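*Asks:* Need a 3D model of the following:
(chains A, B and C)
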Amino acid sequence: MYPKNAWYVACTPDEIAEQPLGRKVCGQPIVFYRPAPDRVAALEDFCPHRGAPLSLGRVCDGELTCGYHGLRVGCDGRALSMPGQRVQGFARTRSFPVVERYGFIWVWPGDAALADPARIVHLHWADNPEWAFGGGRYHIGCDYRLMIDNLMDLTHETYVHASSIGQKEIDEAPCKTHMAGDEVITSRFMPGIQAPPFWQMALRMNGLPDDQPVDRWQICHFTPPSHVLIEVGVALAGLGGHEAAADKKVACIVVDFITPETETSIHYFWGMARHFNPQDPTLTARIREGQGKIFAEDRQMLEMQQQNLLHYPERKLLTLNIDAGGVQSRRVIERMMAAELGA
Amino acid sequence: MYPKNAWYVACTPDEIAEQPLGRKVCGQPIVFYRPAPDRVAALEDFCPHRGAPLSLGRVCDGELTCGYHGLRVGCDGRALSMPGQRVQGFARTRSFPVVERYGFIWVWPGDAALADPARIVHLHWADNPEWAFGGGRYHIGCDYRLMIDNLMDLTHETYVHASSIGQKEIDEAPCKTHMAGDEVITSRFMPGIQAPPFWQMALRMNGLPDDQPVDRWQICHFTPPSHVLIEVGVALAGLGGHEAAADKKVACIVVDFITPETETSIHYFWGMARHFNPQDPTLTARIREGQGKIFAEDRQMLEMQQQNLLHYPERKLLTLNIDAGGVQSRRVIERMMAAELGA
Amino acid sequence: MYPKNAWYVACTPDEIAEQPLGRKVCGQPIVFYRPAPDRVAALEDFCPHRGAPLSLGRVCDGELTCGYHGLRVGCDGRALSMPGQRVQGFARTRSFPVVERYGFIWVWPGDAALADPARIVHLHWADNPEWAFGGGRYHIGCDYRLMIDNLMDLTHETYVHASSIGQKEIDEAPCKTHMAGDEVITSRFMPGIQAPPFWQMALRMNGLPDDQPVDRWQICHFTPPSHVLIEVGVALAGLGGHEAAADKKVACIVVDFITPETETSIHYFWGMARHFNPQDPTLTARIREGQGKIFAEDRQMLEMQQQNLLHYPERKLLTLNIDAGGVQSRRVIERMMAAELGA
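*Replies:* Residues are numbered from 1 along each chain as shown, chains lettered A, B, ... in the order given. Now for the predicted structure:
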């Protein structure tokens, strides 16, 4: 169960650079393609002629052409032409609202009449030259809400990522969860600790000492339908932490867009936006590689957790204080789905 | 759904040369084997003793011997012997009518009383020394009727096989479909065109010029239950096309025997019979290799089309004039199935 | 369907030497681990916090620690601690009776109150320095009862193992089945035959001639729930066979512990205990390798038999005299299951 009246990340521009892309979003097979270099379109991935996937076709003169018998379809789903056929009476293929923004292709799998691009989550860093971004995509066999739980409770870092970013202080520091409208925010502050290796590197790159105590923070922001953006950073200890002056701290945003494929699988778009050394592509690649390894550690856990939950569908899970972020996020999602159902 | 009272290609002789072959035909597990070098037998692939597949056994002194505990079964399915056992009371294993003809093993998975070998499709070229044949087998995950559709509408060549045998003239030339009893014939004639590479080669091999306009033809013959034989060829332009004198044309027959394995999978026996240079095995191998590559291009399309149709089981597809061959073929199949049900 | 109030082999000690092992036994996901070097514990493989598999965790200070968020669980399933949480109210995780004995870890997946270690099958050879043991484990996709049938009717050796241990005399010699309480015993004696290669080797190793007629025996012992121990051996002919003096014979026990994983899959623990040259680890390895190859031959047969039975669920199989061992074993199993149901 997932809200359909929402903007989800469907793919990245490189995935549709050469040819159309067939991808299932919220259980719906969709073909994404570029009718022109600066435009993007999304149609149901089903040719009205014989049911072939349109994603096996090609874009010819800006028109998606079925790779089986040559039916051409417009961005609005209207059949345009077919060799030797009159196509006026052909059923229109469903089209989906789709927007390219912030380096992602966003799709609205629900009621097109309600799709307002202004409702796409705002990413202040995305078009800001002071920031750099690198990321990747994983396919994971779990309910998208298990991934939200994972990201809204970072105590798992101490265990799942024990050998990389985990440190004991994380699960020793209490976290707090509060709401801001439909946004769920879970914060954890770790004052006066030793910076772990990643942050030591970041401190050095910003001309700050890497051997002094720091105040570390993790502020997880859930926004519907399934985005988790996590402010993370360190400041030299005692100078205000998250609120310290810019030259006394280093900060990043862990980026997580979670797109349901089916009830038990997701397309997971992960990445990191950093507010230092934005012009260094080698650093971007290095961070991306490290993050890719760390996020791969979650995959086995999430997939086996999913299998366990399918094995015991009736079990009630515990919801502790550390789970408040996930619990509140699920409530927001449930309200969205109830609203859809009511509408 | 498939007719069972019909002759299907089960396998080729090389597949049973060394040992019995277990293969599912029309949902029915069957073991094919040679009780003698010039004979072939087909039994349900299920030992009445403990349900072991008989196809894991061996042929000993002409008798199929279960590979688990040694029960011997005759070609008629009668239990013949078993070490230390009296087998008179054993249930008879179902046997299937089976015939070796034209280089194929044909099986009748339905009511044995109705199996008349005279009803096996006649292949005039198969035992004719003026013709040569080469072919192969693919397992494809689609309803057998999707493959019939594919072959009865060759406009797909322009798209699926754009880089090999497709040419724009194919889908620009109108096709006509007519019936001859239970046979469905879809014809397409392309007069005065440039011969594509395959036919240029064939023209040269027959001492004909390869750079002059030709009349090209494609005549698809569906015969029940699921055979499609396609007359293809070119003649020097203006000399009668398909009816031109033998020394002014070159001709082949594309051979397609489609055997349902399950509701959504087939054993696809493809090949080409050619009416030129029949004594050249190197040419046979070369054509076979090229055809194998081309026919592999259909596989992804058919399997993803099948997945799409399973995803939207309620959808009605379009039936255009180009689909008439497939539509008529399905009607013939439906009549056969209705007749079986009525009987 | 399998009895749950019974001791099954869960794993071997090497499988839990480094980290916890997740394994499904009788449909139940269980984590096996060592809280201390000489102890073993078994819990439901499901963390009460969020359903993560506990088997992805680690043992810290003797306590199993969930690899997701750090909940620690005791051997009795009681939640012991969790960073920043009070765990007194947490549901107890189900624990399973588990015993290490004879080089195996034994688990009781049913009612713990009934688990009496004295009911573990007695293996007189296991702790006896005059005997040596080597074995392995296979995962096989079949109902555990098909494997019992297989082992209680060794006529299959003539067919499935024709190229290794099979010999014609096996299926020519009649077998007899009798009961001893809940034990089923099927015996076959082959007097005055030529020893096959394995036994020739064994005779030589015991200083006995390998070229003289021998009396060979196979005595299969089924004990519930699903153990089959097979006494096998040869004695110089005419000196009493199985009862001959120790210096005139060589003897082994083929060891088969069959643990249901699901209704149609098993963990199969196989091996051989031999009563000669026990101090020769090279011989143990050689026998183990040979046995592993032979037992792998059964796998294809059993898995395809299982598929056939699933395809024809309504079919009645034959139960011949050679099947008496399997038939009687199934009756014992049915009585156990009826007793469980009644209780």
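*Asks:* and residue A:11, how many neighbours does it have?
*Replies:* Residue A:11: 23 surrounding residues under other Cβ atoms under 10 Å in any protein chain shown. All C-beta spots, glycine's among them, are computed from the backbone N, C-alpha and C.
*Asks:* Could you check how far the residue in chain A positioned nearest to chain C is from residue C:204?
*Replies:* Nearest residue of chain A to chain C, counting by Cβ to the nearest Cβ: residue A:171, 4.0 Å away. Distance from residue A:171 to residue C:204, counting by Cβ to Cβ, to the nearest Å: 64 Å.
*Asks:* ditto for residue A:103
*Replies:* Counting by Cβ to Cβ, the gap from residue A:103 to residue C:204 is 75 Å.
*Asks:* Please apply the same query to residue A:135.
*Replies:* Relative to residue C:204, and taking Cβ to Cβ, residue A:135 is found at 68 Å.
*Asks:* and the two? which has more neighbours close in?
*Replies:* Legend: neighbour count by other Cβ under 10 Å for residue A:135 and residue C:204, higher for residue A:135 (22 against 13).
*Asks:* Was I right to think that one contacts residue A:257?
*Replies:* No - counting by Cβ atoms under 8 Å, residue A:135 does not reach residue A:257; the two are 9.0 Å apart.
*Asks:* Just the residues contacting whichever strand or helix holds residue A:145, thanks.
*Replies:* Using DSSP states H and E, residue A:145 maps to helix A:144-152. The contact list for helix A:144-152, computed with Cβ atoms under 8 Å, 6 or more residues apart in numbering or on different chains, reads A:2, A:140, A:156, A:184, A:186, A:220, A:222, A:226, A:228, A:230, A:254, A:256, A:258-260, A:266, A:268, A:298, A:301-302, A:305-306, A:309, A:323, A:325-326, A:329-330, A:333, C:50.
*Asks:* got any residues that touch both of residue A:135 and residue A:257?
*Replies:* A:269-270.
*Asks:* How about the stretch 151-300 of chain A: which residue is closest to chain B?
*Replies:* Of all residues in the stretch 151-300 of chain A, residue A:262 sits closest to chain B, at 11.2 Å by Cβ to the nearest Cβ.
*Asks:* Kindly report the same for the stretch 51-200 of chain A.
*Replies:* Residue nearest to chain B within the stretch 51-200 of chain A: residue A:83 (4.0 Å; Cβ to the nearest Cβ).
*Asks:* If we ignore the residues flanking it in sequence, what's nearest that residue?
*Replies:* residue B:171 (4.0 Å; Cβ to Cβ, 6 or more residues apart in numbering or on different chains).
*Asks:* thinking again about what came up before, give me the buried entries from the contacts of helix A:144-152.
*Replies:* Buried subset of those (neighbour count, 16 or more other Cβ atoms under 10 Å in any protein chain shown): A:2, A:140, A:156, A:184, A:186, A:220, A:222, A:226, A:228, A:230, A:254, A:256, A:258-260, A:266, A:268, A:298, A:301-302, A:305-306, A:309, A:323, A:325-326, A:329-330, A:333, C:50.
*Asks:* Among those residues, name the ones in strands.
*Replies:* Taking DSSP state E as the definition of strands, the buried ones among the contacts of helix A:144-152 contribute A:140, A:184, A:186, A:220, A:222, A:228, A:230, A:254, A:256, A:258-260, A:266, A:268.
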